[in-house]
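Asks: Have a look at this prediction, sequence included:
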Amino acid sequence: MSAPDVLALPRLPRDAEGPVFAEPWQAQAFALALRLHEAGAFSWPDWAEALSQELAKDPADDGSRYYEHWVAALERLVDTGGLTSAAERAARQAAWAEAYRRTPHGRPVEL
């Protein structure tokens, strides 16, 4: 499997050194997509197509929601690729939301 050309992705927020992230979760989502690709969960053309479809749903986006589209594309590929079901993913999201609500400010969130 060849290495993806991440800088060729449409509307990827970047500077001269590469991708940029406004929040830690954006870097984590970026890294997760790369890792799943490296593990063979999906091809890079499939990833680029899924991301392009998500971006096309929101043509007015000024780039501030780019990684929200990234996560939506990732969720779709994870669901359709059989890595997990939508129900399993929803249950995990609910568990994380509950863990977040009960975690004191400044402490790491743990499930």
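Replies: Arrived safely.
Asks: I figured Q53 was touching A73, is that so?
Replies: Yes. With contact taken as C-beta atoms under 8 Å, Q53 and A73 are classed as touching, separated by 7.2 Å. Quick note: C-beta positions are derived from backbone N, CA and C, even for glycine.
Asks: who's more crowded, those two?
Replies: Taking other C-beta atoms under 10 Å, Q53 and A73 do not tie; A73 has more neighbours (23 against 13).
Asks: quick one: buried residues of the helix or strand hosting that one?
Replies: Per DSSP states H and E: A73 is located in helix 66-80. With burial defined by 16 or more other C-beta atoms under 10 Å, the residues of helix 66-80 counted as buried are 66-67, 69-75, 77-78.
Asks: Report all helices and strands that that helix contacts.
Replies: Where contact means 3 or more C-beta pairs under 8 Å, 6 or more residues apart in numbering; DSSP states H and E, helix 66-80 is packed against helix 24-38, helix 44-56, helix 86-102.
Asks: Tell me which of those helices is the most buried.
Replies: Mean neighbour count (mean count of other C-beta atoms under 10 Å) peaks for helix 44-56 among the helices and strands packed on helix 66-80, with a mean of 17.
Asks: Give me the mean pLDDT for it.
Replies: Regarding helix 44-56, the rounded mean pLDDT is 92.
Asks: Output the contacting helices and strands for that helix.
Replies: Other elements packing on helix 44-56 under the criterion 3+ C-beta pairs under 8 Å, 6+ apart are helix 24-38, helix 66-80.
Asks: Save the ones you listed as CSV, and put in mean pLDDT too.
Replies: As requested, these are arranged in CSV below (pLDDT from 0 to 100):
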stretch, mean pLDDT
helix 24-38, 91
helix 66-80, 92
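Asks: now those helices in JSON lines, with distance to W44?
Replies: Output for the helices and strands packed on helix 44-56, formatted as JSON lines (distance: least, C-beta to C-beta, whole Å):
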{"stretch": "helix 24-38", "distance to W44": "6"}
{"stretch": "helix 66-80", "distance to W44": "11"}
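Asks: can you tell which of these is closest to P13?
Replies: Among the helices and strands packed on helix 44-56, helix 66-80 comes nearest to P13, with 5.7 Å by C-beta to C-beta.
Asks: Just the C-alphas of the closest one, formatted as PDB.
Replies: Taking C-alpha atoms only, helix 66-80 is exported to PDB below (Å, rounded to 0.1, in the frame of the first residue of the first chain):
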ATOM      1  CA  TYR A  66     -13.000  20.900   7.900                       C
ATOM      2  CA  TYR A  67     -12.200  18.300  10.600                       C
ATOM      3  CA  GLU A  68     -15.900  17.800  11.400                       C
ATOM      4  CA  HIS A  69     -16.200  16.700   7.800                       C
ATOM      5  CA  TRP A  70     -13.100  14.600   8.300                       C
ATOM      6  CA  VAL A  71     -14.700  12.800  11.200                       C
ATOM      7  CA  ALA A  72     -18.000  12.300   9.300                       C
ATOM      8  CA  ALA A  73     -16.100  10.700   6.400                       C
ATOM      9  CA  LEU A  74     -14.100   8.500   8.900                       C
ATOM     10  CA  GLU A  75     -17.300   7.400  10.700                       C
ATOM     11  CA  ARG A  76     -18.900   6.500   7.400                       C
ATOM     12  CA  LEU A  77     -15.900   4.400   6.300                       C
ATOM     13  CA  VAL A  78     -15.700   2.700   9.700                       C
ATOM     14  CA  ASP A  79     -19.400   1.800   9.500                       C
ATOM     15  CA  THR A  80     -19.500   0.700   5.900                       C
END
